[in-house]
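S.K.: got a structure for you, letters missing:
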């Protein structure tokens, strides 16, 4: 399940390791990071290599 879900700004995902939903607020191709915001409001950054290793599912 890890791997090839591409990050899309404005889309929602479920992160299995944390059991949390989040949306992507920005994909920065220059810095190779994905900026996310969890359902509760917390903002975080994930590097693209880290993103590729996450177990994710697209969410509504």
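M.R.: Everything's here; your move. Note that this is a predicted model, so its numbers are computed, not measured.
S.K.: Direction included, what does the helix or strand hosting residue 46 pair up with?
M.R.: Of the helices and strands defined by DSSP states H and E, residue 46 is found in strand 43-47. Using DSSP bridges, strand 43-47 pairs in its sheet with strand 33-38 (antiparallel).
S.K.: Quick check: mean pLDDT of the strand it pairs with?
M.R.: Strand 33-38 carries an average pLDDT of 98.
S.K.: How are the helices of this protein distributed by residue range?
M.R.: Taking DSSP state H, the helices of the chain run over residues 48-53.
S.K.: ok, the residue of the chain most remote from its centre to residue 52 distance?
M.R.: Largest separation from the mean C-alpha position in the chain: residue 30, at 16.9 Å (Cα atoms, centre = their mean). From residue 30 across to residue 52, the span is 18 Å (Cβ to Cβ, to the nearest Å). Backbone N, C-alpha and C define where each C-beta goes, glycine included.
S.K.: Residue 42 too?
M.R.: Residue 42 is 22 Å from residue 52, where distance means Cβ to Cβ.
S.K.: more crowded one of these two?
M.R.: Taking other Cβ atoms under 10 Å, residue 42 and residue 52 do not tie; residue 52 has more neighbours (15 against 10).
S.K.: And the more buried one, how close does it get to residue 34?
M.R.: Separation of residue 52 from residue 34 (Cβ to Cβ) stands at 10 Å.
S.K.: what's the burial count for residue 15?
M.R.: Other residues near residue 15 come to 17 when the count uses other Cβ under 10 Å.
S.K.: give the contact list for it.
M.R.: 21, 22, 54, 55, 56 (Cβ atoms under 8 Å, 6 or more residues apart in numbering).
S.K.: Could you pull up the residues touching residue 21?
M.R.: Applying Cβ under 8 Å, 6+ apart, we find residue 21 in contact with 12, 13, 14, 15, 38, 39, 59.
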